[in-house]
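# pasting the sequence and the predicted coordinates here, then a few questions.
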Amino acid sequence: SLSDRLGGVFDRLRGRGALNEQDVRDAMREVRVALLEADVALPVARRFIDAVTEKAVGHQVLKSVTPGQQVVKIVNDELVAMLGGEEVVGLNLEARPPVVVMMVGLQGSGKTTSTAKLAKLLKEKQGKKVMMASLDVNRPAAQEQLAVLGEQTGVATLPIIKGQAPVDIATRALQSAKLQAVDVLMLDTAGRLHVDDALMAEMKAVAAISTPQEVLLVVDSLTGQDAVNVAQSFTAGVDLTGVVLTRMDGDARGGAALSMRAVTGKPIKFAGTGEKLDAIEPFHPGRVASRILGMGDVVSLVEKAAAVVEKEEAERLAERMMKGQFDMNDLRSQLRQMQNMGGLGMLAGMMPGMKKAKAAMAASGMNDKVLVHMDAIIGSMTPKERQRPELLNAKRKKRIAAGAGMEVQDVNKLLKMHQEMGRAMKQIKKMGGLKGLGALFG
Ligand code: GDP
Ligand code: MG
C-alpha cells in the first residue's frame, strides 16, 4: 500500500522537524504511483501532486508520527478537499415544478438504471411525484427498459410513441408532466460508445427545450484514463450540475471520482453501488479518499496524534467520566480539546461510541461556535459551581449567563449537554470502555 511505500521513503528521515522539498518530492513519486493504480487520470494526478507538494514542503512533522505518515495525512486532506470537502451534495430541486433532471453519459455507463434509482429515492424518501421519460431512440428496447424499471419502482413513465425524435419526446414529457402535476421529471437520454458531435448536438437540443435544473453526468467508475475525455466533452457540450459515479461496488479504486471532479468542477452527487434499484448512495468524499489511498488507518492515526492534549489528561478525563465525576472543569477541558482537534467534524467516525456522543451533542444544539460560547459560560461559574453543577438554581444561572454575555437558555443547553455526555459515556463504557476512549484521545 501507499503507507508501506512512504514508510520506506521516510524511514531515514525519522525525527526531523519539517518536511523539505526533496523529501516531499520522493514521497510524491510514490503518491503518483498510488493515484495511477487507483485509476486517476494522468493530468489530474499531476495537478494533484503539484498542489500537495506546495502544501507539504515545510510542514512540521508531529512528534509521534513518521514523516511518511504525516505526508499521507496531507495527501488525504487534499484528496478530500478536491473531492468536494466533507460536504455531501444532494439534488437541487428548488425550482418551479416540474423540475427537470437530465441524465447524460456514455452508453452503458448506467444512465437508465441511475434514472430509476434516483426516481425511486425521490418518491420514497422525499415524497415527490416523479415521472421518467426515455429519450433513447438509438438502442433497441431502451424505452421499454425504462418502462419496466418504472413498473418495478412504481414510478410513472411517459407512454412510448415509436418514431419520435428525442427533442419531441422531451417536449411531450414536459407537457404531460405539467398536466399531471409532476414534481420531478427525469429525462434518460441516449448514449454512444464514444462522445461524438451528433450526441452533443442532441444533448444541447434537449437541454434547450427542457431547461433542466440538474444535468447529471453518469460515469462508470471503472472508466479510468478515459474519464478526462468523457468529462471534458460533456462539460463543453452541456451545463453539467453534477456527477453520478456508478459501479462503485466493483473493484474500482475510486480514481475516476477525482478525475471527474477535477475536470468538470462539479460535485459528485451520488454513487451507484449495485444493480438493485436501491443501490445508490450520496457521495462521501472522505470514504472515497481513503479508498483511493487505501489507508484510513494511517490517517486516523495522525489525526489522533494531532490532538494537542496529552494522553494522560485524556485518560484522566475518561476515568472521571466513567466514575460519574465528570464536572464542568472536565467539560471545559474537553471542549478545548475538541477545538484543538479541529472542531466537531474531526471527531466523527473515529470510533463507534463517538458517533453517539456527537449525535447527543448535535441534539443539544452543539456546533463549533457553541464550543466557544460554552467555554465562556463555564468561565463565569464559580469553582464550586464547576465542581457541582447541580447547585445551579435560577438565580445562579442568571448571573452566569450575564457574566458570559449569553442567555439563561444557553446555560441550560450546556447543562443538558453535560448530562447527555454523561449518558453517551455510559454507552461507550458498554462498547469497550476506557480502552476505547484512551485510543480516541491518545
Ligand atoms: P445506460 O446505457 O447508461 O442506460 O446503462 P444502464 O443503466 O442500462 O446500465 C448498464 C448496466 O450496468 C446494467 O446491467 C446495469 O444493471 C448496470 N449498472 C448500472 N449501475 C450499476 C452499479 O452501480 N453497479 C453495478 N454493479 N451495475 C450497475
Ligand atoms: Mg440507457
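Yes, it's here. If you're wondering where the values come from, they're calculated on a predicted model, not measured in any experiment. Ligands and ions are numbered 1, 2, ... in the order given.
# run a quick neighbour tally on whichever residue of the stretch 251-400 of the chain sits closest to ligand 2.
Of the residues in the stretch 251-400 of the chain, the one nearest ligand 2 is residue 272, at a distance of 13.2 Å by CB to the ion. Glycine gets a C-beta too; all of them are placed from N, C-alpha and C. Counted with other CB atoms under 10 Å, the burial measure for residue 272 works out to 25 neighbours.
# how near is it to residue 283?
Between residue 272 and residue 283 the computed distance is 10 Å (CB to CB, to the nearest Å).
# I'd say residue 230 and residue 41 touch.
No - with contact defined as CB atoms under 8 Å, residue 230 does not reach residue 41; the gap is 10.0 Å.
# looking at this protein, which residue is nearest ligand 1?
The minimum distance from the chain to ligand 1, using CB to the nearest ligand atom, falls at residue 272 (2.6 Å).
# how close does that residue sit to residue 105?
For residue 272, the distance to residue 105 under the criterion CB to CB works out to 11 Å.
# residue 76 too?
In this structure, residue 76 lies at 29 Å from residue 105, with CB to CB as the measure.
# pull up the residues of the stretch 1-150 of the chain that are close to ligand 1.
Proximity of the stretch 1-150 of the chain to ligand 1 is assessed by CB under 6 Å from any ligand atom, with 105, 107-113 identified as the residues in range.
# which of those sits closest to residue 263?
For residue 263, the closest of those turns out to be residue 105, at 14.1 Å, with distances computed as CB to CB.
# show me where pLDDT drops low in the stretch 1-150 of the chain?
Flagging of the stretch 1-150 of the chain using pLDDT under 70 yields the residue ranges 1-17, 62-65.
# show me where it has strands.
Secondary structure of the stretch 1-150 of the chain (DSSP state E, counting those that start in this stretch): strands at 99-104, 130-134.
# ok, the longest one: who's next to it in the sheet?
Read it as strand 99-104. For strand 99-104, sheet partners with direction are given as strand 184-188 (parallel), strand 214-220 (parallel), following DSSP bridges.
# what does it contact?
With CB atoms under 8 Å, 6 or more residues apart in numbering as the test, strand 99-104 has contacts from 91, 93, 111, 114-115, 118, 174, 183-189, 191, 203, 206-207, 210-218, 234, 238, 240, 244.
# now list the buried members of those.
Those of the contacts of strand 99-104 that meet the buried threshold are 91, 111, 114-115, 118, 174, 183-189, 191, 203, 206-207, 210, 212-218, 234, 238, 240, 244, by 16 or more other CB atoms under 10 Å.
# nearest to ligand 2: which residue in the stretch 101-250 of the chain?
Distance from ligand 2 to each residue of the stretch 101-250 of the chain (CB to the ion) is smallest for residue 112, at 3.3 Å.
# phi, psi for residue 85 please.
phi 80, psi -160 (degrees, to the nearest 10).
# check the one 3 residues further on too.
With angles defined as degrees, to the nearest 10, residue 88 shows backbone torsions of phi -110, psi 120.
# which ones are touching it?
The contact partners of residue 88, by CB under 8 Å, 6+ apart, come to 282-284.
# run the last query once more with 6 Å
Each residue near residue 88 by CB atoms under 6 Å, 6 or more residues apart in numbering is listed here: residue 282.
# any figure for the gap between it and residue 217?
Relative to residue 217, residue 88 is positioned 18 Å away (CB to CB).
# using a markdown table, lay out the strands of the stretch 1-150 of the chain together with distance to residue 408 and mean neighbour count.
Supplementary listing: the strands of the stretch 1-150 of the chain in a markdown table, determined by distance: least, CB to CB, whole Å; neighbours: other CB atoms under 10 Å:
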| stretch | distance to residue 408 | mean neighbour count |
| --- | --- | --- |
| strand 99-104 | 44 | 26 |
| strand 130-134 | 47 | 27 |
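# let me have those strands in JSON lines, extended by distance to residue 377.
Listed next are these as JSON lines, based on distance: least, CB to CB, whole Å:
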{"stretch": "strand 99-104", "distance to residue 377": "44"}
{"stretch": "strand 130-134", "distance to residue 377": "48"}
